[in-house]
Structure formats: C-alpha cells, structure tokens
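J.: here's my sequence, what's the structure:
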Amino acid sequence: MIDKDTKKLGFTLLELMIGTAVLIIALVGLISAYIGCFALNESARNLTIAINDAQCVMEEIRDMNIPSNITSQDWSAWAIADSPGGGGCNKLD
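T.: Residues are numbered from 1 along each chain as shown. The predicted structure is shown next:
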C-alpha cells in the first residue's frame, strides 16, 4: 500500500502549470522592457547625433568671416512673430 506521506512528495500538474504561467508572464514583462530599452537607446543615439551635427554647424558659422559685426546692429529692427505688429521671427524691417 502507498503511505499517505509519500504521496505528497511531488508537485501536482496544476501547481506546475500555475508556476509555468507565472514564469511566462514575468518573462514577457522582462522582454518587453528589454525591447523598450532598445528603442530608447536608438532614440538617444539619434538625439546625440543631431546635437553633435548642430554643434558642428554652429562652430562653422562662428568661424565664418562675416564683414558685418552683428553686435553693432540695431536690435530694435528685429520683429518677433508673437509681438504686436511683428512680421515674423528674424525678419528685418
């Protein structure tokens, strides 16, 4: 005869199925977070490239020999689109 104590040594099929379902749910969550990190990494990489390119262009503009010094210009001639009577950003009258 089978003793009642030896019958409780293993897992039932239901316990194994529930444990497997919990493991699968946890793995799906981790994999989706991992994929989200890849997308975020790509976005940060693109932003870094854009910032570096913009900085290079600004340095090229700074190094250009412009005969007119912009600091000597009359700043009241610049109209802003949001100001009353403004014709647009960086538009000279």
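J.: quick one: what helix or strand has L27 in it?
T.: helix 13-63 (DSSP states H and E).
J.: averaged pLDDT, that helix. What do you get?
T.: For helix 13-63, mean pLDDT is 94.
J.: now do it: which elements does it pack against?
T.: Using 3 or more C-beta pairs under 8 Å, 6 or more residues apart in numbering; DSSP states H and E, no helix or strand is in contact with helix 13-63. Where you see a C-beta, it was placed from the backbone N, CA and C, and this is true even at glycine.
J.: now do N41 against G19, distance only.
T.: Distance, N41 to G19, using C-beta to C-beta, to the nearest Å: 33 Å.
J.: no wait, M58
T.: From M58 over to G19 (counting by C-beta to C-beta), the distance is 58 Å.
J.: over to C37?
T.: 27 Å.
J.: just T12 next, same as before
T.: On the measure of C-beta to C-beta, T12 and G19 end up 11 Å apart.
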